[in-house]
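Trainee: below are the sequence and a predicted model for it; my questions follow.
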Amino acid sequence: DIQMTQSPSSLSASVGDRVTITCRASQSISSYLNWYQQKPGKAPKLLIYAASSLQSGVPSRFSGSGSGTDFTLTISSLQPEDFATYYCQQSYSTIFTFGPGTKVDIK
Amino acid sequence: QLQLQESGPGLVKPSETLSLTCTVSGGSISSSSYYWGWIRQPPGKGLEWIGSIYYSGSTYYNPSLKSRVTISVDTSKNQFSLKLSSVTAADTAVYYCARQDMVQGVNWFDPWGQGTLVTVSS
């Protein structure tokens, strides 16, 4: 299986901050990488697919980049509603795997 | 707007079979563009893909669960279902169903159902 890691596992930030979350794959996955946001008690919500494509309806402050093994999710100006846990997911292998998550909370 | 809703028992005894159904509304499960998937999340932990099905009945599963998992589809009811046999406490989780979209080999899950908590306990 392709293993996904994320860093940091958690971070504290303030409204307006620029936030960067990193996801790393155990082998090259080209651009077969997606990002989700999950709030407590809610289902995950797709933010970014294919490494850098913004899902319809997702604010433009979210962006994704990377290819191969290293990927980044950036929130350009953190808003109160962005405090959540973020997961990456690979689909290069048909055994889909998720990263362990990065929790973003209020500083 | 496509919506998915999981249903089934919230409590299952150890060694028994967990059975859940996902009802799709606002769209057809028979669309040739999508697979339909099950994902679970143990309390306080991360996400694990269980398996996926096409409207034709074609399936693929996570090898870690494959020996215990069956996913089926009922196009007449616009539903797909999950069965997980020989459950243990480790199978306690929130179970989500989701539409699996794919473009040029990239697969992602969107939208998701609200999730249903299944507890394995005697």
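Mentor: Perfect, I can see it now. In this text the structure is predicted, and so the values were computed from the model without any measurement.
Trainee: which residues does residue 71 bridge with?
Mentor: Just going to use chain A. Here residue A:71 sits in beta bridges with residue A:23, residue A:66, as judged by DSSP bridges.
Trainee: please refer instead to chain B.
Mentor: residue B:82.
Trainee: so who does it touch?
Mentor: B:38, B:50, B:51, B:52, B:53, B:59, B:61, B:80, B:81, B:82, B:83 (C-beta atoms under 8 Å, 6 or more residues apart in numbering or on different chains). All C-beta atoms are positioned from the backbone trio N, CA, C, and that covers glycine.
Trainee: repeat that with 10 Å
Mentor: Residue B:71 makes contacts with B:20, B:22, B:36-38, B:50-53, B:57, B:59-61, B:80-84, B:97, as judged by C-beta atoms under 10 Å, 6 or more residues apart in numbering or on different chains.
Trainee: also residue B:109?
Mentor: Neighbouring residues of residue B:109 by C-beta under 10 Å, 6+ apart: A:34, A:36, A:43-46, A:49, A:89, A:91, A:96, A:98, B:35-39, B:47, B:49, B:52, B:96-101.
Trainee: quick check on the contacts of residue B:71: which are buried?
Mentor: Neighbour counting by 16 or more other C-beta atoms under 10 Å in any protein chain shown classes B:20, B:22, B:36-38, B:50-53, B:59-61, B:80-82, B:84, B:97 among these as buried.
Trainee: quick one: which of the residues you listed sit in strands?
Mentor: With DSSP state E as the criterion, strands contain B:20, B:22, B:36-38, B:50-53, B:59-61, B:80-82, B:84, B:97 from among these.
Trainee: how about the residues of chain A by chain B?
Mentor: Contacts of chain A with chain B, taken as C-beta under 10 Å from any C-beta of the partner chain, map to A:1, A:4, A:6, A:29-36, A:38, A:41-51, A:53, A:55-56, A:85, A:87, A:89-92, A:94-101.
Trainee: surely residue A:64 forms part of a strand?
Mentor: Yes - per DSSP: H, G, I helix; E, B strand; the rest coil, residue A:64 lies within a strand segment.
Trainee: count the neighbours of it for me.
Mentor: Using other C-beta atoms under 10 Å in any protein chain shown, residue A:64 is surrounded by 23 other residues.
Trainee: now the residue lying closest to it once chain neighbours are set aside: which helix or strand?
Mentor: Of all residues not flanking residue A:64 in the chain, residue A:48 sits nearest, at 3.8 Å (C-beta to C-beta, 6 or more residues apart in numbering or on different chains). Element membership for residue A:48 (DSSP states H and E) is strand A:45-49.
Trainee: same check on residue B:5?
Mentor: Assigned by DSSP H and E, residue B:5 belongs to strand B:3-7.
Trainee: that concludes my questions; thank you for your assistance.
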